[in-house]
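Enquirer: I would like the atomic coordinates for the input below:
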Amino acid sequence: MSPLLIVIAVLAALALIAVMFLVGMYNKLVELRNRFKNAYAQIDVQLKRRYDLIPNLVETAKGYLKHERGTLEAVIAARNAAATANTGAAANPGDPAAMKQLASAEGALSGTLGRLFALSEAYPDLKANTTMLSMMEELTSTENKVSFSRQAYNDSVMAYNTQCEVFPSSIIAGTFHFTAAELFAIENPEQREAQKVSFA
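Expert: Numbers count the residues shown, from 1 in each chain. Okay, the predicted model is just below:
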């Protein structure tokens with residue numbers, strides 16, 4: 001075998017190894033992107049469940065809180081705004097603008113629900129209503145599931161963003177437009193505390 005053929009064979013082998021390495025990095029980025037999108041889908045399921053519970057909760061409270069119509073309407077308006085923001089985020093999980101809008105809408109919804117819960121404390125008949133108690137327990141359970149799903153999503157986004165930033169995969173990420181994803185973070189410190197929904 002001539003030295004020229006050996007050199008060509010070595011160069012071809014190195015080129016093949018380099019191509020396989022680049023394909024591997026690209027595939028890893030795709031895998032991580034799909035993983036965080038799937039993690040957001042789990043949040044989406046829990047948020048939709050939460051949004052479905054809220055009108056029933058308001059309907060049950062309506063009979064007892066006749067003089068608090070503004071609070072009930074604010075809860076429904078915040079719920080609708082959060083559901084709309086969630087639809088936008090679900091269409092493109094990780095999009096910074098969509099995730100910030102969702103975080104803001106979720107914060108507003110948590111605030112109005114907090115006012116509803118505080119207000120309901122003043123109505124003993126409402127506190128004792130079994131339907132209301134059942135919905136509050138279901139809402140609490142859903143809130144916990146949202147928190148766990150959000151943590152899994154943020155972990156997936158962190159792994160994806162890290163892979164996009166480290167060398168040499170950052171070159172592949174930049175070349176093929178793998179952009180950084182946005183974490184689903186709660187911005188206001190008071191929203192970091194879980195809603196207290198117990199009527200005990």
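
Enquirer: burial count for Tyr64?
Expert: 18 (other Cβ atoms under 10 Å). Using the backbone N, CA and C atoms, a C-beta is placed for each residue, glycine as well.

Enquirer: Give me the phi and psi angles of it.
Expert: Backbone geometry at Tyr64, expressed as degrees, to the nearest 10, gives phi -90, psi -30.

Enquirer: Ala13 versus that one, what's the distance?
Expert: According to Cβ to Cβ, to the nearest Å, Tyr64 and Ala13 sit 77 Å apart.

Enquirer: In stretch 56-68, which residues are buried?
Expert: 57-58, 60-61, 64-65, 68 (16 or more other Cβ atoms under 10 Å).

Enquirer: Quick check: mean pLDDT of that stretch?
Expert: Stretch 56-68 carries an average pLDDT of 83.

Enquirer: Can you get me the start-to-end distance on it?
Expert: One end of stretch 56-68 sits 16 Å from the other (Cα to Cα, to the nearest Å).

Enquirer: Using PDB, write down the CA coordinates of the worst-scoring helix or strand of the chain on mean pLDDT.
Expert: Here the helix or strand of the chain ranked lowest by mean pLDDT, DSSP states H and E is helix 124-128, holding a mean of 78. The C-alpha trace of helix 124-128 is given here as PDB (Å, rounded to 0.1, in the frame of the first residue of the first chain):
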ATOM      1  CA  PRO A 124     -68.300  29.600  58.000                       C
ATOM      2  CA  ASP A 125     -71.000  28.000  55.800                       C
ATOM      3  CA  LEU A 126     -68.700  28.100  52.800                       C
ATOM      4  CA  LYS A 127     -65.800  26.700  54.800                       C
ATOM      5  CA  ALA A 128     -68.100  23.700  55.800                       C
END
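
Enquirer: which other helices and strands contact the helix or strand that comes right after that helix?
Expert: Using DSSP states H and E, the next helix or strand after helix 124-128 towards the C-terminus is helix 130-165. Contact partners of helix 130-165 among helices and strands, from 3 or more Cβ pairs under 8 Å, 6 or more residues apart in numbering; DSSP states H and E: helix 3-62, helix 169-175.
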